[in-house]
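> Build me a structure from this.
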Amino acid sequence: MDPAGGCPHADNARLLARGAVVPVVLPGEVTGMAVLGHDALREFLAHPDVAKGAEHFTALREGRIADGWPLRTFATVRGMTTADGDDHRRLRSLVSKAFTARRVAELRPRVETVTAGLLDGLDLAAAEHGGVADLRRHFAMPLPMGVICELLGVDAEHQDRLHHLSNQVVATDIGPEEAMAANRELVDVLGTVAATRAKDPGDDLTSALIAAREEDGDRLSGHELIGTLLLMIVAGHETTLNLITNAVRALCAHRDQLDLVRSGGATWADVVEETLRWDSPVSYFPFRYPTRDLTLDGTVIPRGTPVLAGYSAAGRDRAAHGPDADRFDITRASASRHLSLGHGPHYCLGAPLARMEATVALDGLFTRFPDLDLAVPEPELARHASFVGNSVRELPVRPVPRPGAARHPYGPG
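Numbering: from 1, shown residues only. Sure, this is the predicted structure:
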């Protein structure tokens, strides 16, 4: 795997040509495997003999993984993503009420208000920089980051730093010392957040988690509290940030698909699902481990092997999505069959929120700026330095409002 990341799709196609399950070399010469094919990945994600707990990672258990390994946090963080069975159900139940369909629907007016304000900011940033603004910085990042921080009760003063640190956590090209420093600082910041909410609890998820811990000290350990906050911050904004960014890139490159939405031939929800399939916000997610030698699609994955879930590859698997799987088509019948938000017991808890945020964001953006376009050619956009996150580092756009268009597409902001 290339630690520098880049656009994954050409490499994915070459790997898929070799099979649905392939051996890979992870940073630090750690041997692993990747599951790329749609059907194989679906089976793998829900397989009863596949675990998430780090105790099943043979090389880690035997002391062969360095402390500064850039992917170590994915394996060792204490939380839902590294828990199995009863522990996983216990941790998931503590936060699941914040992401029900009803709760997400209640959040929609707030997301619309935040979106309207950010569109003003995007307009202002463009006016101050010759008509060009970075859509990621001024819109796609602060929307999901603001929403998840509001849900968690994280003060605004921490948000920029948390975004920077979460970027380093998902990076795969940083050195051991930098990786360890980023993890330490992230834990420190989240510890400060938890201490603040413990002293001054509010109507937020962090306060609720702390209350649950105090009511039953065995229900949520201190490490699990910080691990849960880390997961919520990273997954709660990085995925949606990339989803919005990738959807805007796709629509700018496929104006016919944008016109289709405007004419009523498709919906913003269709755009979101096809973007999730066609350009998954997460390319390869670490890790799962077979608890026994496991044969998948004719390939043996040895027990204890760290396995990457290849979401971006599965999204363009022609066996599942047809010979034109590389084409962005929001009317595609198989679009909703993607696996980009997971499958099985670890299916993304925040999927309803991510979908809602993305649909509101895209609707508001292209209502306000119907002629919005990229300010630089797509091939010149710098990619994430990671094979985990899949997007670009910046998205310079020219936001041109429609003459006479309402300043706030959702009303007063």
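> low-confidence ranges in the stretch 151-300 of the chain?
Counting by pLDDT under 70, the ranges of the stretch 151-300 of the chain that qualify are 213-218.
> again, only this time at 90
151-152, 154-187, 190, 194, 198, 202-238 (pLDDT under 90).
> Tell me who's in contact with the residue most central in space within the chain.
The structure's the chain has its C-alpha centroid closest to residue 239; by C-alpha atoms, centre = their mean the separation is 2.0 Å. Residue 239 makes contact with 144, 281, 282, 348, 350, 354, according to C-beta atoms under 8 Å, 6 or more residues apart in numbering. Glycine gets a C-beta too; all of them are placed from N, C-alpha and C.
> if I look at it, how far off is residue 179?
Look at residue 239 and residue 179: by C-beta to C-beta, to the nearest Å, they are 21 Å apart.
> same thing with residue 244?
27 Å.
> between those two, who's got more neighbours?
residue 244 (30 against 22; other C-beta atoms under 10 Å).
> Figure out how far the host helix or strand of the more buried one is from the centre of its chain.
Using DSSP states H and E, residue 244 falls within helix 222-253. Its chain's average C-alpha position is 4 Å from that of helix 222-253, according to C-alpha atoms, centre = their mean, to the nearest Å.
> Mind listing what's buried along that helix?
224-251 (16 or more other C-beta atoms under 10 Å).
> Same question for stretch 371-384.
For stretch 371-384, by 16+ other C-beta under 10 Å, it's 372, 374, 375, 381, 384.
> will you turn these into TSV that also has secondary structure?
Converted to TSV, these look like this (DSSP: H, G, I helix; E, B strand; the rest coil):
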residue	secondary structure
372	coil
374	strand
375	coil
381	coil
384	coil
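> Tell me the one among these nearest to residue 264.
residue 372 (19.9 Å; C-beta to C-beta).
> List the beta-bridge partners for the residue lying closest to residue 131 once chain neighbours are set aside.
Spatial nearest neighbour of residue 131, chain neighbours left out: residue 398 (5.5 Å); criterion: C-beta to C-beta, 6 or more residues apart in numbering. With DSSP bridges applied, residue 398 shows beta-bridge pairing to residue 373.
> Return the residues in contact with residue 398.
By C-beta under 8 Å, 6+ apart, the neighbours of residue 398 are 126, 131, 132, 372, 373, 374, 375.
> The first one: neighbour count?
By that I understand residue 126. 24.
> If we go by neighbour counts, what in the one helix or strand it maps to is buried?
Per DSSP H and E, residue 126 falls inside helix 101-128. The neighbour-count check on helix 101-128 (16+ other C-beta under 10 Å) flags 104, 107, 111-112, 114-116, 118-119, 122-123, 125-126 as buried.
> Could you list every helix and strand in contact with it?
strand 133-134, helix 142-152, helix 351-368 (3 or more C-beta pairs under 8 Å, 6 or more residues apart in numbering; DSSP states H and E).
> Got the phi and psi for residue 333?
The phi/psi pair for residue 333 (degrees, to the nearest 10) reads phi -70, psi -30.
> where do the strands sit along the stretch 201-350 of the chain?
284-290, 294-296, 299-301, 307-310 (DSSP state E, counting those that start in this stretch).
> most packed of the ones you listed?
When the strands of the stretch 201-350 of the chain are scored by mean count of other C-beta atoms under 10 Å, the highest mean neighbour count falls to strand 307-310 (a mean of 26).
> Contacts made by it with the rest, please.
Outside strand 307-310, the residues that reach it (C-beta under 8 Å, 6+ apart) are 1, 12, 15, 24, 32-36, 41, 44-45, 50, 283-290, 301, 339, 342.
> try stretch 148-167
98, 110, 141-142, 145-146, 182, 185-186, 189, 192-193, 196-197, 202, 204-207, 229, 232-234, 236-238.
> how far out from the middle of the chain is it?
Distance of stretch 148-167 from its chain centroid, counting by C-alpha atoms, centre = their mean, is 15 Å.
> In it, which residues are buried?
The neighbour-count check on stretch 148-167 (16+ other C-beta under 10 Å) flags 148-154, 158-159, 162-163, 165-167 as buried.
> mind putting those in JSON lines, distance to residue 312 included?
Below are the buried residues of stretch 148-167 laid out as JSON lines (distance: C-beta to C-beta, whole Å):
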{"residue": "148", "distance to residue 312": "23"}
{"residue": "149", "distance to residue 312": "27"}
{"residue": "150", "distance to residue 312": "30"}
{"residue": "151", "distance to residue 312": "27"}
{"residue": "152", "distance to residue 312": "28"}
{"residue": "153", "distance to residue 312": "33"}
{"residue": "154", "distance to residue 312": "29"}
{"residue": "158", "distance to residue 312": "30"}
{"residue": "159", "distance to residue 312": "27"}
{"residue": "162", "distance to residue 312": "25"}
{"residue": "163", "distance to residue 312": "22"}
{"residue": "165", "distance to residue 312": "24"}
{"residue": "166", "distance to residue 312": "19"}
{"residue": "167", "distance to residue 312": "18"}
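> Can you say which two of those are spatially most distant?
153 and 167 (22.1 Å).
> Out of the strands of the stretch 201-350 of the chain, which is closest to residue 86?
Here strand 284-290 is closest among the strands of the stretch 201-350 of the chain (C-beta to C-beta), at 18.1 Å.
> Partner strands of the closest one and their direction?
Strand pairing for strand 284-290, determined by DSSP bridges: strand 50-51 (antiparallel), strand 307-310 (antiparallel).
> pLDDT (mean, whole number) over the first one?
This points to strand 50-51. The average pLDDT for strand 50-51 rounds to 98.
> ok, now stretch 347-355?
Averaged over stretch 347-355, pLDDT sits at 93.
> Check stretch 381-400 too.
Mean pLDDT, stretch 381-400: 93.
> now it: how far from the chain's centre is it?
With C-alpha atoms, centre = their mean, you get 14 Å for stretch 381-400.
> would you put the C-alpha positions of that stretch in PDB?
Extracted in PDB, the C-alpha atoms of stretch 381-400 (Å, rounded to 0.1, in the frame of the first residue of the first chain):
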ATOM      1  CA  LEU A 381      -5.900  18.700  -7.100                       C
ATOM      2  CA  ALA A 382      -3.600  17.400  -4.400                       C
ATOM      3  CA  ARG A 383      -4.800  14.200  -2.800                       C
ATOM      4  CA  HIS A 384      -4.900  13.100   0.800                       C
ATOM      5  CA  ALA A 385      -1.600  11.500   2.000                       C
ATOM      6  CA  SER A 386      -3.400   8.400   3.100                       C
ATOM      7  CA  PHE A 387      -4.800   5.200   1.700                       C
ATOM      8  CA  VAL A 388      -7.500   5.400   4.400                       C
ATOM      9  CA  GLY A 389      -9.300   8.700   3.600                       C
ATOM     10  CA  ASN A 390     -10.100   9.200   0.000                       C
ATOM     11  CA  SER A 391     -10.400  12.800  -1.200                       C
ATOM     12  CA  VAL A 392      -8.400  15.900  -2.000                       C
ATOM     13  CA  ARG A 393      -6.700  18.200   0.400                       C
ATOM     14  CA  GLU A 394      -8.200  21.400  -0.900                       C
ATOM     15  CA  LEU A 395     -11.100  22.100  -3.300                       C
ATOM     16  CA  PRO A 396     -10.700  25.600  -4.900                       C
ATOM     17  CA  VAL A 397     -14.000  26.600  -6.400                       C
ATOM     18  CA  ARG A 398     -15.600  29.600  -8.000                       C
ATOM     19  CA  PRO A 399     -18.900  30.100  -6.300                       C
ATOM     20  CA  VAL A 400     -21.100  32.300  -8.600                       C
END
